[in-house]
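*Asks:* Fold the following and give me the result.
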Amino acid sequence: MTHRPFLAAGLVAATTLFGTTCTPGVTIRPAAMDRTNPDTISASPTSSTTTPTPTPTPTPSATSTTARKPAPAPRPKHSVHSSPSRAVARTPTAAVCHGIPSSVSASQVVLVDAYGASATVRACARSQGTWVSQLGPYYGHVGQRGVSWSKREGDMTTPAGTFPLRGGFGPYGNPGLDGTWFTTGSSDVWVDDPGSSLYNTHQHTPANGRWDSAEPLLKSPAYDYAQVVGYNEARTPGRGSAIFFHVDLGHGTAGCVSIPSSALRAVMRWERPGALMTITP
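*Replies:* Numbers count the residues shown, from 1 in each chain. Down below sits the predicted model:
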């Protein structure tokens, strides 16, 4: 019984010296000791029976105290559906016109590429020694039996070769052709009689025995706008006549070249005197 006060006093002293523990391995220090010299206070356990202190989180070094900017997020790659950049945009290159004879010295050629009774028509101009397409392609027609190098009157073919483009005609005013133009009426015809001295020429009725057959020129819509193709200007009997560049009707012709009305008028406005037409089979 005489030892109990001594033991109690010893426990009180020990508690005052080492403090109480709330979290394992962490020593709570008296406030008075913290205020005197905090740099000399050790956080190490004072007894081997104390639970080991957890390894502290490393303190950032002096060089890392400055706040660093977060690394920028990578930019998303453009999908295959995104708009092309300006760097890859290209200006379309003018199409080259093939099939115009090297002997042609004109600066403008209306090129007719035929396949059967159908045709592709382009307005081509010479540029630094190369023929380039300036209008078209326009889709139209040639003779019902295609294109022939040996055209004959009434064979329903269009003559192959290169020919001058002459004046135009139609019931309406000149759409802009830089050349002669005549307004057609009911008396205007083109003689297609090989036996007539007026073969392959523009005339007016009545015939009065001057020809047996002729093509009426007041014909709508085919001849609303038309231009004379200078074929067989020597007027060789039977070689063919009345070859025109006219409004397309959606099918093969009797020997002429046809494209839609708006396209035809555009080509007429594009032409200058001396323009030619090249027709290839």
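*Asks:* contacts, neighbours, all on C-alpha from now
*Replies:* Fine.
*Asks:* Going along the chain, name the strands of the chain.
*Replies:* Ranges of strands in the chain, per DSSP state E, are 108-115, 118-127, 130-141, 147-148, 158-159, 161-170, 181-183, 188-191, 202-204, 214-216, 226-229, 244-247, 257-259, 276-280.
*Asks:* and Glu233, what is it in contact with?
*Replies:* Contact analysis of Glu233 by Cα atoms under 8 Å, 6 or more residues apart in numbering lists Asn200.
*Asks:* any idea how far Arg239 is from it?
*Replies:* 10 Å (Cα to Cα, to the nearest Å).
*Asks:* try Val96
*Replies:* 32 Å.
*Asks:* Just the pLDDT at the nearest residue to Ala214 once chain neighbours are set aside, thanks.
*Replies:* Setting aside the residues directly before and after it, Ala214 is nearest to Val191 in space (Cα to Cα, 6 or more residues apart in numbering), at 4.1 Å. pLDDT, Val191: 98.
*Asks:* Pretty sure Val191 sits against Leu217.
*Replies:* No: Val191 lies out of contact with Leu217 (Cα atoms under 8 Å); the separation is 10.4 Å.
*Asks:* Check the burial of Asn208 by counting its neighbours.
*Replies:* By other Cα atoms under 10 Å, 7 other residues sit near Asn208.
*Asks:* no, scratch that, I was asking about Pro281
*Replies:* 18.
*Asks:* State whether it and Arg145 are indeed in contact, as I suppose.
*Replies:* No: if you go by Cα under 8 Å, Pro281 and Arg145 don't touch, sitting 10.9 Å apart.
*Asks:* Now stretch 206-224: average pLDDT?
*Replies:* What stretch 206-224 shows for mean pLDDT is 98.
*Asks:* hey, what's Tyr115 bridged with?
*Replies:* Ser118 (DSSP bridges).
*Asks:* and if you look at Phe244?
*Replies:* Here Phe244, judged by DSSP bridges, has bridge partners Val228.
*Asks:* same thing with Val132?
*Replies:* On the basis of DSSP bridges, Val132 is bridged to Val96, Ala125.
*Asks:* Quote the end-to-end distance of stretch 135-149.
*Replies:* With Cα to Cα as the measure, the first residue of stretch 135-149 is 26 Å from its last.
*Asks:* Tell me who's in contact with the closest residue to Leu135 other than its chain neighbours.
*Replies:* Residue nearest to Leu135 in three dimensions, not counting chain neighbours: Ala123, with 4.9 Å by Cα to Cα, 6+ apart. Ala123 is in contact with Gln108, Val109, Val110, Leu111, Ser133, Gln134, Leu135, Gly136, Pro137, Val267, counting by Cα under 8 Å, 6+ apart.
*Asks:* For the first one, give me the pLDDT.
*Replies:* Gln108 is assigned a pLDDT of 98 by the prediction.
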